[in-house]
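>>> no sequence on hand, only this structure:
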C-alpha cells in the first residue's frame with residue numbers, strides 16, 4: 001500500500017492507495033492508529049485500550065467491530081477471501097454498472113513518461129503568462145466581434161458538419177484528458193488507465209489521475225484538475241484568433257469556428273460544479289472536502305428526514321463550516337439534478353402523455369428512477385451504504401463510523417436525547433399559501449390627448465413629467481384658415497338676416513308710391529306710343545290712296561300713248577307719216593310704261609310697310625306697364641311665406657357653418673381630458689412643433705399614476721385559492737429593495753392563452769390555443785404610488801397571500817400539480 005500524510009482544515013489525515021483494487025481511502029489519525037494495530041496477532045481488546053490511552057477518549061467495542069468490518073468489506077484487511085481475489089487476478093478492462101461503465105483502453109504511463117520530457121515548456125511560468133495573455137486577447141476579440149460570431153453560427157447547422165464535429169470532439173477531449181494525465185505525471189504521480197466511459201448512456205473519455213489524491217500539496221491537486229479545462233481554453237483562444245484573422249470562405253476559418261464553438265460551450269459546462277466534472281473536483285479540492293457531492297446529499301437528506309421526524313440527529317463531528325457547505329451545495333445540486341429530470345419529464349414525456357402511450361412513459365420513468373436510485377440512497381439511506389462508483393475515494397467519515405467517542409462533558413450527563421420534531425406538525429402547523437406571478441404596471445387612467453381638428457402645431461405648452469389638470473391646455477394648433485372662414489360666414493349671415501327682416505316688415509309707403517308712379521309713367525309711355533302708331537297708320541293709308549290714284553292716271557296715260565304709237569305705226573307702214581313722229585310716240589309709250597311700273601312699285605312698298613317699329617314701341621310700353629303694375633301688386637300683397645322659409649333655411653345653414661367653425665377654433669386649443677402626468681417623452685413633444693396633424697392623431701399621453709394598477713399573470717395551475725380582497729405584495733425589478741402593497745381588486749372572467757413569445761394574449765381576444773396549451777388568468781390589484789416610483793409598463797414579481805393552509809395540504813397541492821392532468825385519465 002501507498003500511504004501519504006496530509007494536513008487539512010480538519011487536522012492530519014492519511015490517504016491510502018490499494019494497489020490491488022486501485023481504490024483510495026482517507027483515514028483520520030484515530031483510524032490510522034487502529035489500522036496499524038491490526039497485525040493479525042494483537043487482540044481487539046488490546047487495540048481498543050491502546051487507542052483510548054493515546055487519544056484520551058472512550059472507544060466502544062461495537063464501534064471498533066463496525067470499523068473492522070468496514071475495513072474487511074473494502075478489502076484493506078488481509079483475509080482468505082481477499083487473498084483469493086488477488087490470486088484470481090486484478091481488475092478487468094470493463095468495470096462499473098450500466099449507468100457508469102468504464103472500458104480501459106491501455107496503460108498510458110510509459111507514453112506519458114516519454115511525452116512529459118517533450119512537454120516541459122507547458123509547465124513553465126513563460127507558458128502560463130503567454131497562454132493567459134492569449135486567452136485575454138481571445139476573450140476581448142470575441143466580445144468585440146460577438147455579433148459577427150452569432151451570425152456565423154448558422155453555418156454549423158448542416159448535416160455535413162456532424163462527422164467533422166465528432167472528429168473535433170475526439171481530438172479536443174483527447175487533448176483535455178492528456179493534459180490531466182501529463183500534469184499528474186509532472187508532479188510525480190502515476191497514470192495507469194485511460195479509456196472510454198459510458199456515463200448515464202452518454203459516451204465520454206476518461207483519464208484516471210486518482211494518484212493526485214496522494215499529493216500532500218493542495219496546489220498540485222488543484223493544478224491536476226485545472227489542467228484539462230485550462231488547456232482546452234487555450235485551444236479555444238487559438239481557434240478564436242484564427243477565426244477572426246482568416247477569411248470566412250476558407251476551411252481554416254470553418255474549422256476554427258467549430259473548435260471555438262465546441263471548446264467554448266464545453267469549457268463553460270465543464271466548470272460548473274454541480275455535476276462530477278472538472279468544476280466539481282476543483283471546488284472539492286479548494287474546500288478540502290472529498291466526496292463533497294455524496295456528503296452534501298446525505299446531509300440534506302437527513303435534514304429532510306428530521307423535518308418529517310424520521311431521522312436521527314446529525315452527527316456533532318460535522319463542523320459549522322461543513323454544515324453550511326453541505327447545505328448550500330446539497331440544495332443547489334439536488335435542485336439542479338431534479339430540475340433536469342423534471343425538464344425531461346415535462347418536455348420529452350409530455351408528448352408521450354398527450355399521445356396516450358403509458359407503457360413508454362412507465363419505462364422511461366423506471367429508467368430515470370434507476371438512474372437516481374443512488375441519489376435517493378444518498379439522501380435518505382444510511383451512512384453505511386455502498387460507495388458510489390463516482391465517489392472520489394472511500395472516506396472514513398466520522399459521522400459514519402466514529403470509532404472514538406470524546407469524553408462526555410458534565411452538561412451531557414444524565415440528559416435525555418433530543419427527540420425529533422413531532423409528525424403532527426405537518427397536520428397542525430399552518431403556513432401561508434402564496435401564489436406568485438409576474439406583473440406589469442398600468443396607470444389607473446390612461447388618457448390620450450388627440451387632435452380634434454386638422455392643423456399645424458404652433459406650440460406645445462407641457463413637457464414630460466409635468467402634472468396637468470383636466471381641461472388644461474396642452475398644445476395650440478394654427479387657426480388662421482378657420483378664422484378667415486368664420487368672418488366670411490358671419491358677414492354673409494348678417495346680410496341674410498337683414499333680408500329676412502325686410503321680408504318680415506313688408507314694403508314702405510314710399511316704395512308703394514314709387515311703384516304707383518312707375519305704373520303711371522308706364523301708362524303715359526304706352527299712350528304716347530299708341531298715338532304715334534295711329535298717326536303713322538293714317539299717314540300710310542293716305543299714301544296708299546294717293547298711290548292708287550297715281551297708278552290709275554299712269555294707266556290712262558299709258559293707254560293713250562299706246563294708241564298714238566299704233567296710229568303712227570300704221571301711218572309709217574302705209575308711208576303716210578314721218579318716221580320721227582313714230583319714234584317720239586314709241587318713246588312716249590316707254591315713258592308712260594315706266595311711270596306705271598314706278599307707281600305700282602311704290603304701292604308695293606307702301607303695302608310692305610307694317611309699322612313694325614311703332615308697334616314694337618307700343619308692345620314694349622305695354623309690357624313695362626304690366627311689370628310696373630305687377631310690382632305694385634307685389635308690394636301691395638307683401639312677402640311670400642315660401643320665400644321667408646327659404647331664406648330662413650339659408651340662415652340656418654350659415655349658422656351651422658358658424659358653429660362648426662367656432663368649434664374648430666376651440667379645437668385648435670388641445671386640452672388634457674384628465675388629471676395626471678404627461679407620459680410622452682420630451683423629444684417626441686419637441687418634434688410635434690410645426691408638425692401637421694390630422695383628426696385623431698396622438699399629441700401626448702396623460703397618465704394618472706398616483707394610484708397604479710398591477711396586472712398579475714397567474715398560471716391556471718396555481719390559480720386555486722386566489723380571491724378578490726386577498727393581500728398582494730409587489731416587488732418591481734427597478735426597486736428590488738422596495739415593497740408595494742395592495743389587494744386583489746378584480747379577476748379576469750376568462751383564461752387566456754400565451755402568445756408565441758410566451759406573453760399572455762390580450763384581454764378580450766381569443767387566442768385560439770388548444771386545450772392543452774398553457775393558460776393564464778389576469779388578476780388586477782391597485783397600489784398607492786404617490787411617490788411616483790412605479791412607472792407604466794414596469795415589471796416584477798407579485799405574491800398573493802391566499803390565507804393559511806395546513807403544511808400537509810401545501811405539500812399535497814404541490815405534488816398534485818407536478819403531474820399532467822392527462823395522467824389521471826388513464827385510470
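Now that the structure is in, tell me what you want to look at. On a predicted model such as this, the values are computed, not experimentally measured, just so you know. Numbering: from 1, shown residues only.

>>> and residue 742, what are its bridge partners?
Judged by DSSP bridges, the bridge partners of residue 742 are residue 728.

>>> and the residue in the chain sticking out farthest from the centre, helix, strand or coil?
Using CA atoms, centre = their mean, the residue of the chain lying farthest from its centre is residue 576. It sits 147.3 Å away. Following DSSP: H, G, I helix; E, B strand; the rest coil, the label given to residue 576 is coil.

>>> pLDDT score for it?
Here, the pLDDT recorded for residue 576 equals 73.

>>> what's the distance between it and residue 162?
Separation of residue 576 from residue 162 (CB to CB, to the nearest Å): 161 Å. C-beta here means a position set from N, CA and C on the backbone, and glycine is covered the same way.

>>> same check, this time on residue 41
65 Å.

>>> and stretch 550-567, how far from the chain's centre?
130 Å (CA atoms, centre = their mean, to the nearest Å).

>>> let me see the mean pLDDT of that stretch.
On average, stretch 550-567 scores 83.

>>> in the stretch 551-700 of the chain, where is pLDDT below threshold?
577, 609-611, 636-640 (pLDDT under 70).

>>> helices of that one, start to end?
Using DSSP state H, counting those that start in this stretch, the helices assigned to the stretch 551-700 of the chain run over residues 579-608, 612-637, 641-667, 682-687.

>>> want to throw those helices into a markdown table with distance to residue 333?
Listed next are those as a markdown table, based on distance: least, CB to CB, whole Å:
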| stretch | distance to residue 333 |
| --- | --- |
| helix 579-608 | 138 |
| helix 612-637 | 112 |
| helix 641-667 | 68 |
| helix 682-687 | 51 |
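
>>> could I get these as CSV with distance to residue 188 and mean neighbour count?
As requested, these are exported to CSV (distance: least, CB to CB, whole Å; neighbours: other CB atoms under 10 Å):
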stretch, distance to residue 188, mean neighbour count
helix 579-608, 158, 14
helix 612-637, 137, 15
helix 641-667, 92, 14
helix 682-687, 69, 13
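
>>> closest to residue 210 out of the ones you listed?
Residue 210 lies closest, by CB to CB, to one member of those: helix 682-687, at 65.8 Å.

>>> that closest one: how far from the chain's middle?
For helix 682-687, the distance to the chain centre is 25 Å (CA atoms, centre = their mean).

>>> then stretch 600-613?
For stretch 600-613, the distance to the chain centre is 106 Å (CA atoms, centre = their mean).

>>> contacts for that stretch?
Here stretch 600-613 makes contact (CB atoms under 8 Å, 6 or more residues apart in numbering) with 533, 536, 537, 540, 543, 544, 547, 548, 550, 551.

>>> most widely separated two among these?
The widest separation within the contacts of stretch 600-613 (CB to CB) is 26.8 Å, between 533 and 551.

>>> re the thing from before, looking at the helices of the stretch 551-700 of the chain, which is closest to residue 325?
With CB to CB as the yardstick, what comes closest out of the helices of the stretch 551-700 of the chain is helix 682-687 (53.2 Å).

>>> and the closest one, what does it pack onto?
Helix 682-687 sits against no helix or strand, with contacts defined as 3 or more CB pairs under 8 Å, 6 or more residues apart in numbering; DSSP states H and E.

>>> let's see 10 Å
In this structure, helix 682-687 packs against strand 455-460, strand 698-715, with contacts taken as 3 or more CB pairs under 10 Å, 6 or more residues apart in numbering; DSSP states H and E.

>>> for those, which one ends up most surrounded?
strand 698-715 (a mean of 21; mean count of other CB atoms under 10 Å).

>>> residue 41 and residue 162 - which one has more neighbours?
A direct count of neighbours by other CB atoms under 10 Å for residue 41 and residue 162 places residue 162 higher, at 10 against 7.

>>> ok so, going back, can you put the helices and strands packed on helix 682-687 in TSV and add distance to residue 121?
Converted to TSV, the helices and strands packed on helix 682-687 look like this (distance: least, CB to CB, whole Å):
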stretch	distance to residue 121
strand 455-460	71
strand 698-715	58
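
>>> residue 261 is nearest to which of these?
strand 698-715 (35.6 Å).

>>> tell me the strands beside that closest one, with direction?
If you go by DSSP bridges, strand 698-715 pairs up with strand 430-450 (antiparallel), strand 676-678 (antiparallel), strand 775-784 (antiparallel).
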